[in-house]
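Trainee: Next come a sequence and a model predicted from it.
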Amino acid sequence: RGRFNIGLKFLLPPTERQEQVFNDAAARWERIIIGDVPSIEGPIPSSFIGFPDAVGTGEVLDDIVIEVALAPIDGPGGILGQAGPSFVRTEDFLTISGVMFFDVADLDFLEQLNFLKQNIAPGEA
């Protein structure tokens, strides 16, 4: 049985803690999603002008890549983030690539308060 894989591509460098939390969350979703979809060979363009392809020419995507944008949105206390698909497969409309935007002001605040962490259900650790 295949395994679902989530690749994260940070557009700008996150802090070590932020990167760990995002990678932990992706790993958790990889355990939750059962099944696999066929791999795709790149290129798959970035959703952002001026950034390298989400998946380069000749690289293989297995199964989804999510571009992570840590940037100002509206300052502290407003919108934490938003996400959505960028490109989907034509045969089944499953997402190939997507984006997640997170407000750096809110992430910094959560990190200062030590609230930026992966929530793990009891018995899952």
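Mentor: Yes, it's here.
Trainee: Please make it C-alpha for all contacts and neighbour counts, starting now.
Mentor: OK.
Trainee: element containing the residue lying closest to residue 97 once chain neighbours are set aside, please.
Mentor: Distance criterion CA to CA, 6 or more residues apart in numbering; nearest residue to residue 97, sequence neighbours excluded, is residue 65 at 4.9 Å. Element membership of residue 65, judged by DSSP states H and E, is strand 64-71.
Trainee: Could you give the average pLDDT over the following helix or strand past that strand?
Mentor: Following strand 64-71 in sequence order, the next helix or strand is strand 81-88 (DSSP H and E). When pLDDT is averaged over strand 81-88, the result is 96.
Trainee: So what touches strand 81-88?
Mentor: With CA atoms under 8 Å, 6 or more residues apart in numbering as the test, strand 81-88 has contacts from 47, 94, 95, 96, 97, 98, 99, 100, 101, 102, 103.
Trainee: For the fifth one, grab phi and psi.
Mentor: It stands for residue 97. The phi and psi values for residue 97, taken as degrees, to the nearest 10, are phi -140, psi 150.
Trainee: tell me the contacts of it?
Mentor: If a contact means CA under 8 Å, 6+ apart, then residue 97 has 54, 64, 65, 66, 67, 85, 86, 87, 88 as its contacts.
Trainee: Now do the fourth one: how many residues are near it, please.
Mentor: I take that to be residue 66. Residues contacting residue 66 under the criterion other CA atoms under 10 Å number 24.
Trainee: For it, give the beta-bridge partners.
Mentor: On the basis of DSSP bridges, residue 66 is bridged to residue 8, residue 98.
Trainee: ok, now which ones touch it?
Mentor: With CA under 8 Å, 6+ apart, residue 66 has these contacts: 6, 7, 8, 9, 97, 98, 99, 100.
Trainee: Kindly format the C-alpha coordinates of the worst-scoring helix or strand of the chain on mean pLDDT as CSV.
Mentor: Taking mean pLDDT, DSSP states H and E as the measure, helix 104-112 is the helix or strand of the chain with the lowest mean score, a mean of 87. Output of helix 104-112 as CSV, limited to C-alpha atoms (Å, rounded to 0.1, in the frame of the first residue of the first chain):
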residue,chain,number,x,y,z
VAL,A,104,4.6,36.7,10.7
ALA,A,105,3.3,39.0,13.4
ASP,A,106,1.0,36.4,14.8
LEU,A,107,3.5,33.6,14.4
ASP,A,108,6.1,35.7,16.3
PHE,A,109,3.6,36.4,19.0
LEU,A,110,2.6,32.8,19.4
GLU,A,111,6.3,31.8,19.5
GLN,A,112,7.1,34.3,22.2
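Trainee: No further questions, thank you.
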